[in-house]
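[1] Structure, please.
(chains A, B, C and D)
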4 protein chains.
Amino acid sequence: MSHNTFGHLFRVTTWGESHGPALGCVVDGCPPGIALTEADIQGFLDKRRPGQGKFVTQRQEPDAVRILSGVFADERTAREFGGQVTTGTPISLMIENVDQRSKDYSEIAQAFRPGHADYPYFAKYGVRDYRGGGRSSARETAARVAAGAIARKVVPGVRIQAAVVQIGPHAVDPARIDWDETLNNPFWCPDADMVPVWEEHLEKVRKAGSSTGAVVAVEAVGVPAGWGAPLYGKLDAELAAALMSINAAKGVEIGAGFAAAALSGEENADEMRMGNEGPLFSSNKAGGVLGGISTGQPVTARVAFKPTSSILTPRQTLDEQGRGIELRTKGRHDPCVGIRAVPVVEAMTACVLADAFLRHRAQTGGGAFAPGASARA
Amino acid sequence: MSHNTFGHLFRVTTWGESHGPALGCVVDGCPPGIALTEADIQGFLDKRRPGQGKFVTQRQEPDAVRILSGVFADERTAREFGGQVTTGTPISLMIENVDQRSKDYSEIAQAFRPGHADYPYFAKYGVRDYRGGGRSSARETAARVAAGAIARKVVPGVRIQAAVVQIGPHAVDPARIDWDETLNNPFWCPDADMVPVWEEHLEKVRKAGSSTGAVVAVEAVGVPAGWGAPLYGKLDAELAAALMSINAAKGVEIGAGFAAAALSGEENADEMRMGNEGPLFSSNKAGGVLGGISTGQPVTARVAFKPTSSILTPRQTLDEQGRGIELRTKGRHDPCVGIRAVPVVEAMTACVLADAFLRHRAQTGGGAFAPGASARA
Amino acid sequence: MSHNTFGHLFRVTTWGESHGPALGCVVDGCPPGIALTEADIQGFLDKRRPGQGKFVTQRQEPDAVRILSGVFADERTAREFGGQVTTGTPISLMIENVDQRSKDYSEIAQAFRPGHADYPYFAKYGVRDYRGGGRSSARETAARVAAGAIARKVVPGVRIQAAVVQIGPHAVDPARIDWDETLNNPFWCPDADMVPVWEEHLEKVRKAGSSTGAVVAVEAVGVPAGWGAPLYGKLDAELAAALMSINAAKGVEIGAGFAAAALSGEENADEMRMGNEGPLFSSNKAGGVLGGISTGQPVTARVAFKPTSSILTPRQTLDEQGRGIELRTKGRHDPCVGIRAVPVVEAMTACVLADAFLRHRAQTGGGAFAPGASARA
Amino acid sequence: MSHNTFGHLFRVTTWGESHGPALGCVVDGCPPGIALTEADIQGFLDKRRPGQGKFVTQRQEPDAVRILSGVFADERTAREFGGQVTTGTPISLMIENVDQRSKDYSEIAQAFRPGHADYPYFAKYGVRDYRGGGRSSARETAARVAAGAIARKVVPGVRIQAAVVQIGPHAVDPARIDWDETLNNPFWCPDADMVPVWEEHLEKVRKAGSSTGAVVAVEAVGVPAGWGAPLYGKLDAELAAALMSINAAKGVEIGAGFAAAALSGEENADEMRMGNEGPLFSSNKAGGVLGGISTGQPVTARVAFKPTSSILTPRQTLDEQGRGIELRTKGRHDPCVGIRAVPVVEAMTACVLADAFLRHRAQTGGGAFAPGASARA
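    Now for the predicted structure:
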């Protein structure tokens, strides 16, 4: 409920600014007895790390994570759990900032970059760390990714994968999505044929000193029926908040989403029949959530990211004294922030699901009632 | 954080099922000294009430609200406040259910209507009040609308208005939106020319025993800069959760939303210049929110509603014993639930803004820093 | 976190004033499938009800509770659960106020009764329902008792019992406490020999138009090891808050409490040895809680209640205009509010334990590790 | 609401174990524009630091705090605020552990020290960091003290002071309390004549390898009327939870506390009269809180601390295999943990008051209604 805390039972409190000494988070409420090392987290951070290609910011950050609390290892944990495990106490994670180059930003110290958080931060707080966007920098998402790595371990049966499905006007045909393909290109693109199209588009955008928007799709397979809860703890409402809280996100949809507005009731209703391992559905317009509760189908969502406003073209704006000025943003920036959002979308989805699992277990003991069975599985 | 509680400081806890004796909510955290009578709330409930046209459910409910606590009136309040006022203690609101007709639903007691919350409620809880959808019925939204009426009084400078901007495939041209027009037709349509198109479409849908989706747009004018807060208390993240929690909602977007994905950075950046009463913006792609904090521009959002799955066409589904059955939903239902969602979208927006205002006042004392001024206004 | 909400997962939101139309609460987060009727709750309300003896207020209230939501009964629940059960949705409880007699309070409308909440309510809110104490009336505790009746059903293995152990200067010798005796006298006194002493003391107090303080002890037997959690979710911290929130409470102690300050480490350490069904302790100075987590011993606490300030002796005070006045409180009041607090102390203890159980189940799956066993029981 | 988070709007999330690399906290919700440097915090930590006398543990820890986020300094903050200020974003504080000596604890790795959190941690989590008490170590209170230093700056008009008023059986006469005296001796004793008595008692305890309990009193002067809120946000209930959450606390009382049980209504009612700057009270039995809201009088509380169970006398207990063993705790420990609790009690009181202030400002705008005035001051 706090400004900088995510989740109810699996709770993540993040802190840190782009050019401060470090950033990090505290993960509270994690179950005990889960094997966890820094390497488990580092893999996900490496996926998100900047400086990995010409279409992402050139800032060089190792993003090395340290676990400062909440885990323990001794002979017994080695024997019983195979190594270091969570203890149920808060897990503090820290990532040091290394390559800040604060001097890059001196010019904009007093200016409000259009489309950026500069002005509302000033209006609200009266003082702000403007270096690299301060708290509103996308660097903060490193803490989310680190927390997400732990969240995945809380729901080991769930497989979460995200992909970029649109860059600028170029959208992937949903029928052509191949999740395995996302690892084969620098855009997390699930359609090999789209890769050269995006490459050309992004090259043009980069050369123009401009930027472009994107849409990221995410799918969580293996979520059992019963997670989430009416009416404000709805799984889709929690997911919407978590995904919309990512920098530059402007829209979230679940399942058929906005397209559902144009459908008829017949088209939209996912019919059910009985399978060997539980109910089967003829389609997944619902995106795996009905009435705020998971159905056992894959949970699917899409997030729209705006183009960053850090562009080379001069734009009209104001400074803190209220004077009109013309501003072009130099610094080091991503032409398409949506690309780097992929691991963040996965992480936020993981955190929401871990939280939903714990809340479900609290109220019901866990498990689900299966049609035809009289007791909870 | 609770399942059925909305908001952090302006908190709304709703309760009640479609066919129970009553439904209602408790509004906690409301400031004291606000004039409030049942009539103030009833006006908004009357807008939402079913049974008002052939395109909404024919259930007849007076939806008469009672205030059971949290207000006080005596000679002094009459003199100083003009009548009954809030006291700062929890406001309990109750609306009795009158026209339940539970017998309508006997046939579906054991069945899972496809596209409905029936199955996940069963899977999660093992027992459910299936009459009229029970807790997942759209009737619950009456409590939200009642709470929203109070929320509006907490932020009297803010004007909130919603409209239906798409029904089925027929979308209103944004350039043709005339907010005043919404009161002139039964569809909350902001474009007079679209009314006959929707009328024909809905008539066809109704005769076919089908249903259709819709998109609702909402605009809050008068929100000052500075409300909302990074990073999970973001105004747009809170709004996304609140709107996605409405029955049948499948998507939420802020400002340019999904369209922003196709824009360039130049197109998307709302330029600023100084006006007589503060900063002016050349456009509002941001939807009045940057970095999770309001900018002073109108806060704009859009919500996609799916077509209800209560249709006359038989659909394949399961019953509680896991047997495949064929089901058609008779009962009384809306062919387009999006229409009745309009006052609910307004109410949820009001609740989010009232909460954001109180949180902003808590941390900063209220007000905002204006460019050129050295102190908080 | 809300002002009028208790608990985290088993959440109780109370509302209502002493002389409004009704009071009640919403219980959210209750597990589904628990048999629950109004009679289950009424029994506890009847224990608390005023008008039952000459040492408690003569206000006559039937305190009849109605369940307005969150339960369901049909043929299947009759067959599988034996009748009406909780559904996992919010349970709304309402108790109508019948015997208000607001005219009794006209004289004190503008006055601040010394030792009462009148002045701080005025200072904070500027307006207050002064009739019968309004929101600060002990009548609100009826809602707590009703919620507590449900909480007990969430932790059926736990037996909770409270008793008055001191009235004025007359304290029961701990060695003479016989819990069964509490039901045999109107003071919930666990020592038969103390009854006539208190009777005489209270008769004197009543005739003098005065009042007297009291101490209530509570014991919860059957709480397994493992409930509660470091460091702010400590079971004893939660219990302290819940008990201190009861009207007129001024002190809370766990186990040996303040007496522990005078003990040596040897005296205070409860030694352990192995019993047939788990660890046994040589004593219970800890009151069943170590490090904020239950040990499996009975959870024991004591609460101090001040004498009510509603007395016939004139006292110096102020009115809303800041004028010095002399005030004596007529009305109908308890000479010893501690007596009627007994069922409230039990109820708050039950709510805290139900909440702790759900939180424990969320994080760990429930159960506890037993010494010598390698897996969770 | 989280296990390791304190407060609602001024929120403190602590993390860290006694023998991990570091401990710390994240303070979220702090108002912006408050001057804050590490030196502001270090002063309070130095008061709490171990290794400062023969009656406290000999562990040597510099307890040097680092601020990792949430503050900013540039030319403008130097000019307008006099230096580095808070920005309204989360403040991350870290204190490295230096002098751990984990080998001291090898003997007790598998044993449950009687009266310690060892057994319930094992029962709950199945795994625990036993080194130095791990998470349950009093070292965690360093994070609380650090957060309290910030909290004091949120309520600069409030002066908070604590003192030890009882050690073992030797209690200070309330009439002899001289707050200034507390700084003149190593026991925070407010009565110079008691110092030699305690010195002798503690010397005896230390030589015997035993320990002794204590009572700490705290007073907050300058809290205006109106802070706190019915019914669970009561200032005294919040204070009770915060103080009871401190290691080894077993009792909390407000104002007259348990002594109120023996008083008559006449004795307990604090009479009011009008003073030049607002209401004056004839006494402060209420401890500055009525109906859960501050009255403008000093807020006073007392906390009982048990003697630590880390003693040299062998005690019967169990190991993780359930075998009976005899245990004496060597290590380095405080003979009277109550002494070192003084700055912790102050810090928790400061955090509760800062939070109450922000919550009050949220709901009401701040300030208070004064008798005789028609508007909020």
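[2] can you give me the strands in the stretch 101-250 of chain A?
    A:159-167, A:170-171, A:214-221, A:249-254 (DSSP state E, counting those that start in this stretch).
[3] With mean neighbour count and mean pLDDT as extra columns, can I get those strands in TSV?
    Yep, even glycine has a C-beta here, placed from its N, CA and C like the rest. Output for those, formatted as TSV (neighbours: other Cβ atoms under 10 Å in any protein chain shown; pLDDT from 0 to 100):
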stretch	mean neighbour count	mean pLDDT
strand A:159-167	24	98
strand A:170-171	16	98
strand A:214-221	23	98
strand A:249-254	30	98
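[4] And for the helix or strand hosting A:Gln42, what's in contact with it?
    Using DSSP states H and E, A:Gln42 maps to helix A:38-48. Helix A:38-48 is contacted by residues A:63-67, A:93, A:95, A:141-142, A:145-146, A:148-150, A:153, A:340, A:342-344, A:346-347 when judged by Cβ atoms under 8 Å, 6 or more residues apart in numbering or on different chains.
[5] Taking those, please make a ChimeraX selection of just the buried ones.
    For the buried members of the contacts of helix A:38-48, the matching ChimeraX selection, counting by 16 or more other Cβ atoms under 10 Å in any protein chain shown, is:
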select /A:63,65,67,93,95,141,142,145,146,148,149,150,153,340,342,343,344,346,347
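[6] among the contacts of helix A:38-48, which are in reach of chain C?
    With Cβ under 8 Å from any Cβ of the partner chain as the criterion, no member of the contacts of helix A:38-48 is in contact with chain C.
[7] could I get the longest helix along chain A in PDB with only the CA atoms?
    Ordering each helix of chain A by length in residues (DSSP state H) puts helix A:342-364 first. This file holds the C-alpha atoms of helix A:342-364, laid out as PDB (Å, rounded to 0.1, in the frame of the first residue of the first chain):
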ATOM      1  CA  VAL A 342      10.500  -7.400 -21.300                       C
ATOM      2  CA  PRO A 343      12.200  -8.800 -18.300                       C
ATOM      3  CA  VAL A 344      10.500  -6.200 -16.100                       C
ATOM      4  CA  VAL A 345       7.100  -7.300 -17.400                       C
ATOM      5  CA  GLU A 346       8.000 -10.900 -16.600                       C
ATOM      6  CA  ALA A 347       9.200  -9.900 -13.100                       C
ATOM      7  CA  MET A 348       6.100  -7.900 -12.200                       C
ATOM      8  CA  THR A 349       3.900 -10.800 -13.400                       C
ATOM      9  CA  ALA A 350       5.900 -13.200 -11.200                       C
ATOM     10  CA  CYS A 351       5.500 -10.900  -8.200                       C
ATOM     11  CA  VAL A 352       1.800 -10.600  -8.700                       C
ATOM     12  CA  LEU A 353       1.400 -14.400  -9.000                       C
ATOM     13  CA  ALA A 354       3.600 -15.200  -6.000                       C
ATOM     14  CA  ASP A 355       1.500 -12.800  -4.000                       C
ATOM     15  CA  ALA A 356      -1.800 -14.300  -5.300                       C
ATOM     16  CA  PHE A 357      -0.600 -17.700  -4.400                       C
ATOM     17  CA  LEU A 358       0.200 -16.800  -0.800                       C
ATOM     18  CA  ARG A 359      -3.100 -15.000  -0.400                       C
ATOM     19  CA  HIS A 360      -5.000 -17.900  -1.800                       C
ATOM     20  CA  ARG A 361      -3.200 -20.300   0.500                       C
ATOM     21  CA  ALA A 362      -4.000 -18.100   3.400                       C
ATOM     22  CA  GLN A 363      -7.700 -18.000   2.900                       C
ATOM     23  CA  THR A 364      -8.300 -21.500   1.600                       C
END
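[8] Report the inter-axis angle for it versus helix C:342-364.
    140 degrees (axes from the mean of the first three to the mean of the last three Cα atoms, to 10 degrees).
[9] Helix A:342-364 vs chain B: in contact?
    Yes: contact of helix A:342-364 with chain B (Cβ under 8 Å from any Cβ) involves A:Arg359, A:His360, A:Thr364.
[10] Same check on stretch A:146-163?
    No: Stretch A:146-163 stays clear of chain B (Cβ under 8 Å from any Cβ), getting no nearer than 11.8 Å.
[11] Check the separation of the first and last residues in that stretch.
    End-to-end distance of stretch A:146-163: 19 Å, with Cα to Cα, to the nearest Å as the criterion.
[12] Tell me if that stretch is near chain D.
    No: applying Cβ under 8 Å from any Cβ, one finds stretch A:146-163 separated from chain D by no less than 13.1 Å.
[13] how far is that stretch from where the chain is centred?
    11 Å (Cα atoms, centre = their mean, to the nearest Å).
[14] ok, the residue of the stretch 51-200 of chain A found nearest chain C - contacts?
    For the stretch 51-200 of chain A, the residue closest to chain C is A:Gly88, as judged by Cβ to the nearest Cβ, at 6.4 Å. By Cβ under 8 Å, 6+ apart, the contact list for A:Gly88 reads A:Cys30, A:Pro31, A:Pro32, A:Gly70, C:Ala229, C:Gln363, C:Thr364, D:Lys124, D:Tyr125, D:Val127.
[15] Without its sequence neighbours, what residue ends up closest to A:Ala269?
    Leaving aside its sequence neighbours, A:Ala269 sits nearest to B:Gly115 (Cβ to Cβ, 6 or more residues apart in numbering or on different chains; 3.7 Å).
[16] Quick check, that neighbour in contact with A:Asp270.
    Yes: counting by Cβ atoms under 8 Å, A:Asp270 is a contact partner of B:Gly115 at 6.0 Å.
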